[in-house]
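1. A predicted structure for the sequence below; I have some questions about it.
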Amino acid sequence: MFKLVIPTYKRYNIPTLAHLDMFDDIYIFVANQQEYNKYKLYYPNHKIIIGELGIKNQRNFITNYFDEGDIIVSLDDDIKEFKDRQNRLLIDAVKDCVEYLKQSNYGLMTFPPTANERFNNAESFTIGNYLGVGVFHIYKNDKAVQLSIDFIEDYERSLLYIKRDGGVIRNWDIIYKHKPYNIGGLEEMRTQDTLLLETNKFLYKYSNDSSFHYKKSFPHIILKKKNTPVIVLPKTNIFNDLISLLEIAKLRNYQDTAVGGSDCGNRRGFPAYKGGIFGIVQQRKSPIKCLSSMSRDQPILYNELLRCGKAICPFDFTMIQLNKNLECPLHKDSKNAGYSMLVSIGDYEGGEVVVDGKAYDARENPLVFNGAELEHYNKPITSGIKYSLVFF
């Protein structure tokens with residue numbers, strides 16, 4: 001009738017299993033052979049399958065493991081309590097949910113993201129654009145639904161089914177409580193830093209379908225149809241160490257070639273400023289690519305720029321443009337390939353960036369847009385020192 005699946009990692013006493021005595025066909029998915037050997041000692045009579053390390057990878061492995069159209073009841077390993085509003089046994093409540101899903105035109109059923117019954121809908125089943133929490137969900141297996149975002153992969157699965165079917169089902173009868181335990185699980189991987197990066201990747205990949213709001217000072221994904229040429233990412237405070245390095249950095253003087261300045265890489269029509277190129281560059285009049293001279297001469301600064309970029313940039317980049325107090329005129333970056341991420345840091349006033357006619361404050365607030373297609377410029381800096389970083 002359905003496959004009951006529990007992905008687990010380093011949690012050898014699975015709390016969820018305490019509620020599943022009446023269920024048959026339980027599959028426990030573990031990360032590798034070493035984990036398999038440990039789990040087999042605890043659960044010698046259960047089906048234990050070696051999958052892949054990482055929750056996104058494991059969920060994709062599970063999708064590929066089962067047949068197309070199979071009904072998968074997915075439960076994480078840390079559920080402490082279930083409660084059904086109709087006072088059914090859990091197995092009967094799940095069977096009713098599975099049957100409802102099978103008879104529907106939808107592929108995914110989610111459950112309330114809170115154990116607070118006051119927020120439950122009066123109806124048992126509703127249809128909507130719900131972001132399902134991965135701890136507990138039921139779905140019709142579709143091998144085309146492959147996840148690319150880690151740690152908030154449950155949101156991506158929800159969105160993919162919404163885009164495919166026009167919505168997902170929410171069952172309001174069953175609620176559950178779960179809590180990470182001190183030993184085991186993916187807590188060592190699921191840090192605030194990794195969550196921020198995966199959130200940025202989600203916002204970048206699904207920019208026309210999603211936005212975010214702050215909940216307890218951390219950005220949370222919301223579904224929101226929009227059509228914006230600029231992707232605004234959550235604010236970040238990872239630049240504290242970089243600021244101190246920039247204050248002592250040896251930056252290059254760029255002069256305006258249009259008014260007789262010497263050509264040291266500045267673009268025609270740009271005012272004089274200080275800055276530099278870091279990362280992989282192509283040698284002049286040569287197909288050979290190499291590390292820029294500023295990267296070689298200032299490796300500590302370059303490594304810190306890389307660290308910051310890799311922590312928040314939702315796409316792969318090869319070059320980093322560093323600008324100090326640049327007030328660039330209206331232009332396009334015709335030589336850039338694809339999207340760029342712009343963020344500014346420092347103690348300054350003014351200097352907003354205007355993209356496609358709209359002004360944005362990029363101070364510790366990364367902006368992603370295609371600079372080769374969209375005209376942009378900076379408003380005047382009224383005071384202080386502004387550093388701009390462009391990852392592309």
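-> Perfect, thanks for sending it. Numbers count the residues shown, from 1 in each chain.
2. Report whether residue 137 is found in a strand, as I expect.
-> Yes. Counting by DSSP: H, G, I helix; E, B strand; the rest coil, residue 137 is located in a strand.
3. I'd like to know how far it sits from residue 95.
-> According to Cβ to Cβ, to the nearest Å, residue 137 and residue 95 sit 16 Å apart. All C-beta atoms are positioned from the backbone trio N, CA, C, and that covers glycine.
4. of the two, who's got more company?
-> Remark: of residue 137 and residue 95, residue 137 carries more neighbours, 22 against 16, as counted by other Cβ atoms under 10 Å.
5. partner residues bridging the more buried one?
-> Here residue 137 sits in beta bridges with residue 74, going by DSSP bridges.
6. quick one, helices of the chain?
-> In the chain, the helices defined using DSSP state H lie at 33-42, 55-65, 90-103, 153-165, 192-205, 240-246, 293-297, 299-312.
7. And stretch 94-104, how far out from the chain middle?
-> Chain-centre distance of stretch 94-104: 31 Å, with Cα atoms, centre = their mean, to the nearest Å.
8. And for stretch 298-310?
-> Chain-centre distance of stretch 298-310: 21 Å, with Cα atoms, centre = their mean.
9. Quick check: mean pLDDT of it?
-> For stretch 298-310, mean pLDDT is 98.
10. in that stretch, what's buried?
-> 298, 301, 302, 304, 305, 306, 308, 309 (16 or more other Cβ atoms under 10 Å).
11. ok, the residue nearest to residue 199 when sequence neighbours are not counted - contacts?
-> Ranked by Cβ to Cβ, 6 or more residues apart in numbering and with sequence neighbours excluded, the top spatial neighbour of residue 199 is residue 219, at 5.5 Å. By Cβ atoms under 8 Å, 6 or more residues apart in numbering, the residues touching residue 219 are 196, 199, 212, 213, 234.
12. Low-confidence ranges, this structure, go.
-> Where the chain drops to pLDDT under 70, the residues are 180-188, 256-266.
13. What distance do you get for the most centrally placed residue in it to residue 127?
-> Nearest residue to the geometric centre of the chain (Cα atoms, centre = their mean): residue 198, 2.1 Å. Residue 198 is 27 Å from residue 127, where distance means Cβ to Cβ.
14. So which of the contacts of residue 219 wins on neighbours?
-> Within these, most neighbours by other Cβ under 10 Å means residue 199, with 24 neighbours.
15. and the buried residues of stretch 298-310 as CSV, adding distance to residue 117?
-> Listed next are the buried residues of stretch 298-310 as CSV, based on distance: Cβ to Cβ, whole Å:
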residue, distance to residue 117
298, 58
301, 54
302, 54
304, 49
305, 49
306, 48
308, 44
309, 45
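16. what sits opposite residue 358 in the beta ladder?
-> With DSSP bridges as the criterion, residue 358 is bridged to residue 355.
17. What is the neighbour count of it?
-> Residues near residue 358, counting by other Cβ under 10 Å: 12.
18. what's the answer for residue 20, then?
-> Residue neighbour count, defined by other Cβ under 10 Å, stands at 18 for residue 20.
19. per the record, what domains does the chain have?
-> As given by automatic domain parsing, the domain ranges for the chain are 3-190, 234-391.
20. In CSV, list these along with distance to residue 225.
-> Converted to CSV, the domains of the chain look like this (distance: least, Cβ to Cβ, whole Å):
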stretch, distance to residue 225
domain 3-190, 9
domain 234-391, 18
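21. Of all those domains, which one comes closest to residue 224?
-> The closest of the domains of the chain to residue 224 is domain 3-190. By Cβ to Cβ, the value is 9.5 Å.
22. how long is the closest one end to end?
-> Across its full length, domain 3-190 reaches 27 Å between end residues, using Cα to Cα, to the nearest Å.
23. quick check, nearest of the contacts of residue 219 to residue 57?
-> Within those, the smallest distance to residue 57 is 18.6 Å, found for residue 199 (Cβ to Cβ).
24. Quickly list what the closest residue to residue 65 other than its chain neighbours is bridged to.
-> Of all residues not flanking residue 65 in the chain, residue 49 sits nearest, at 6.8 Å (Cβ to Cβ, 6+ apart). Under DSSP bridges, the beta-bridge partners of residue 49 are residue 29.
25. hang on, residue 49 packs against residue 29?
-> Yes. Counting by Cβ atoms under 8 Å, residue 49 does reach residue 29; the two are 5.2 Å apart.
26. Which one's more surrounded, the two?
-> Neighbour count, other Cβ under 10 Å: between residue 49 and residue 29, residue 29 has more, with 25 against 14.
27. hang on, the more buried one packs against residue 3?
-> No. Using Cβ under 8 Å, residue 29 makes no contact with residue 3, being 10.9 Å away.
28. can you give me the strands for the stretch 201-350 of the chain?
-> 210-215, 218-223, 231-232, 252-254, 273-282, 289-291, 319-324, 340-345, 348-350 (DSSP state E, counting those that start in this stretch).
29. what pairs with the shortest one, and is each one parallel or antiparallel?
-> The strands that strand 231-232 pairs with in its sheet are strand 367-369 (antiparallel) (by DSSP bridges).
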